[in-house]
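Trainee: coords please:
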Amino acid sequence: MPRDDTLAGVDSQLADTDRLETHYLESGGTDRTEREGETVLFLHGNVSSSRFFEDVMADLPARHRAIAPDMRGYGDSETKPVDATNGLGDFAADLRSFVVDRDLETPLVLVGWSNGGGVAMRYAIEHPEDVAALVLVNPVSPYGFGGTKDAEGTPCFDDYAGSGGGIANRAFVSNLADRLRETADEAAPRKLLRTYYVDPTHEFDAEREESYLTGMLDTATGDENYPGSATDSDNWPGTAPGETGVNNAVSPKYCRLDMISEIDPEDKPPITWLRGDSDQIVSNASLFDPGTLGRMDELPDWPGEDVFPPQPMVDQTRAVLERYVDRGGNFEEVVFGNTGHTPHVEVPGDFLDRLEGVLD
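Mentor: As a prediction, the model looks like this:
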């Protein structure tokens, strides 16, 4: 069902595409004959929903049409299994079906945050002619999440141990499954929202915090969704990716987005890379990466820097985007100070200024 609690100027709607019943938020001009600006698609990250973009959509000038769909298994969209062996392909195909079903005017501006940044890259690789510009907000590395050790995305082990569904915090998954808004343990969704989604110094408006928390709790859990299945491994830390679920879809075993640099130069959309300088989720020392936790003595039997260092996620993204430039594209990197994983929530004014710069 559509929501009845959206911010002023933002509508909640449903689209029944040939792949997925998709819930989405929409703001701005919908009449093509009157609209002067771009159509913008906002793509949320893991354990989140379109709610995380609602404030920005409410403030975006009405000359732009802004749309934020909930991806499969998130928010108020239909839950369907995620085939991880195709990387982020299910999400990109769902998005394509949504664009066609809604008859959206192309080329579009894609704004992808975290895992949504990976979906935006995958969509641009497959449909570059439909993308006017890419805005990547603290995006997942082009080499996925976990289990790689250098700027070229070299796996630590042949079976990609240390990535996939098995590295998720089981207590956190349980709290999500039980939709616990209030819990005192360290894996409480509210604690992760306050500590890791944003810079810990950030203070939420109470009402907006509840909406973001709802966006986290509206996550389908299990082997087919978040975090996904796992297989045992003889390699540290003892778990390798399975074949279903979100965290496996961003395992480097299946998720390879570095081919974005291979888009034909004439079709390469300009890329703006926005990130927070204190991001603890996607960084060169992510606190969700077994390599970082091993170095901190939080995971036993860590084999050391030579075998399993922290994944240099930021360095990997920069290396791929520099190759993108070498092969005929262009990108700009913008770093927000005292900002964590969600610049659009933490510094919405600065974020909106940068986004309007892309749109205008």
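Trainee: how long is stretch 75-89 from one end to the other?
Mentor: Taking Cα to Cα, to the nearest Å, stretch 75-89 runs 19 Å from one end to the other.
Trainee: buried set for that stretch?
Mentor: 75-84, 86-89 (16 or more other Cβ atoms under 10 Å). C-beta here means a position set from N, CA and C on the backbone, and glycine is covered the same way.
Trainee: Please apply the same query to stretch 330-340.
Mentor: Neighbour-count burial for stretch 330-340 [16+ other Cβ under 10 Å]: 331, 336, 339-340.
Trainee: now, among those, which is nearest to N247?
Mentor: Relative to N247, the closest of those is G340; by Cβ to Cβ it sits at 20.3 Å.
Trainee: Might you report the residue contacts of the closest one?
Mentor: 196-200, 202, 276, 278-281, 346 (Cβ atoms under 8 Å, 6 or more residues apart in numbering).
Trainee: Out of the residues you listed, give me the one that has the most neighbours.
Mentor: Highest neighbour count within these: D279, with 26 neighbours (other Cβ atoms under 10 Å).
Trainee: Return the distance of the nearest residue to that one once chain neighbours are set aside relative to V56.
Mentor: Closest residue in space to D279, ignoring its immediate chain neighbours: H341 at 4.8 Å, by Cβ to Cβ, 6 or more residues apart in numbering. As judged by Cβ to Cβ, to the nearest Å, H341 and V56 stand 15 Å apart.
Trainee: buried set for the helix or strand where G117 lies?
Mentor: Secondary structure from DSSP states H and E places G117 in helix 115-126. Along helix 115-126, these residues count as buried under the neighbour rule (16+ other Cβ under 10 Å): 115-125.
Trainee: How far does the next helix or strand after that helix sit from its chain's centre?
Mentor: Next along the chain after helix 115-126, taking DSSP H and E as the criterion, comes strand 131-137. Between the centre of strand 131-137 and the centre of its chain there are 13 Å (Cα atoms, centre = their mean, to the nearest Å).
Trainee: so what secondary structure elements neighbour strand 131-137?
Mentor: Other helices and strands packing on strand 131-137, by 3 or more Cβ pairs under 8 Å, 6 or more residues apart in numbering; DSSP states H and E, are strand 108-113, helix 115-126, strand 271-276, helix 348-359.
Trainee: need the next SSE after the third one, C-terminal direction.
Mentor: The first helix or strand that comes after strand 271-276 along the chain, using DSSP H and E, is helix 290-295.
Trainee: what is the mean pLDDT for that next one?
Mentor: Averaging pLDDT along helix 290-295 yields 98.
Trainee: ok, now stretch 169-176?
Mentor: 96.
Trainee: go on, stretch 239-252?
Mentor: According to the model, stretch 239-252 has a mean pLDDT of 98.
Trainee: end-to-end on that stretch?
Mentor: Start-to-end, stretch 239-252 (Cα to Cα) is 14 Å.
Trainee: got the buried residues for it?
Mentor: Buried-residue list, stretch 239-252, by 16+ other Cβ under 10 Å: 239-252.
Trainee: Contact partners for the nearest residue in space to S50 that is not next to it in sequence?
Mentor: The shortest distance from S50 to any non-neighbouring residue, by Cβ to Cβ, 6+ apart, is to A68 (3.8 Å). Applying Cβ under 8 Å, 6+ apart to A68 gives the contacts 24-26, 41-44, 50, 53-54, 57.
Trainee: can we see that at 6 Å?
Mentor: Counting by Cβ atoms under 6 Å, 6 or more residues apart in numbering, A68 touches 25, 42, 50, 53.
Trainee: Which one of the residues you listed is nearest to I263?
Mentor: F42 (21.8 Å).
Trainee: what's the neighbour count on the residue nearest to N86 when sequence neighbours are not counted?
Mentor: Excluding the flanking residues, the one nearest N86 by Cβ to Cβ, 6+ apart is Y254, at 7.0 Å. Taking other Cβ under 10 Å as the criterion, the count of residues near Y254 is 21.
Trainee: Which residues are in contact with Y254?
Mentor: 84-85, 87.
Trainee: Next, format these as CSV and append distance to T292 and secondary structure.
Mentor: Formatted as CSV, these follow (distance: Cβ to Cβ, whole Å; DSSP: H, G, I helix; E, B strand; the rest coil):
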residue, distance to T292, secondary structure
A84, 23, helix
T85, 27, helix
G87, 23, coil
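Trainee: possible to save those residues as a markdown table with pLDDT and distance to D159?
Mentor: Output for those, formatted as a markdown table (pLDDT from 0 to 100; distance: Cβ to Cβ, whole Å):
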| residue | pLDDT | distance to D159 |
| --- | --- | --- |
| A84 | 98 | 14 |
| T85 | 98 | 14 |
| G87 | 98 | 17 |
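Trainee: pretty sure D76 is touching H23, no?
Mentor: Yes - under the criterion of Cβ atoms under 6 Å, D76 makes contact with H23 at 3.7 Å.
Trainee: how about the helices in the stretch 151-300 of the chain?
Mentor: 170-177, 189-192, 206-217, 246-249, 290-295 (DSSP state H, counting those that start in this stretch).
Trainee: Packed most tightly, which of those would that be?
Mentor: Per residue and on average, the most neighbours among the helices of the stretch 151-300 of the chain fall to helix 246-249, with a mean of 30 (mean count of other Cβ atoms under 10 Å).
Trainee: Mind giving me the packing neighbours of it?
Mentor: Judged by 3 or more Cβ pairs under 6 Å, 6 or more residues apart in numbering; DSSP states H and E, helix 246-249 has no packing partners among the helices and strands.
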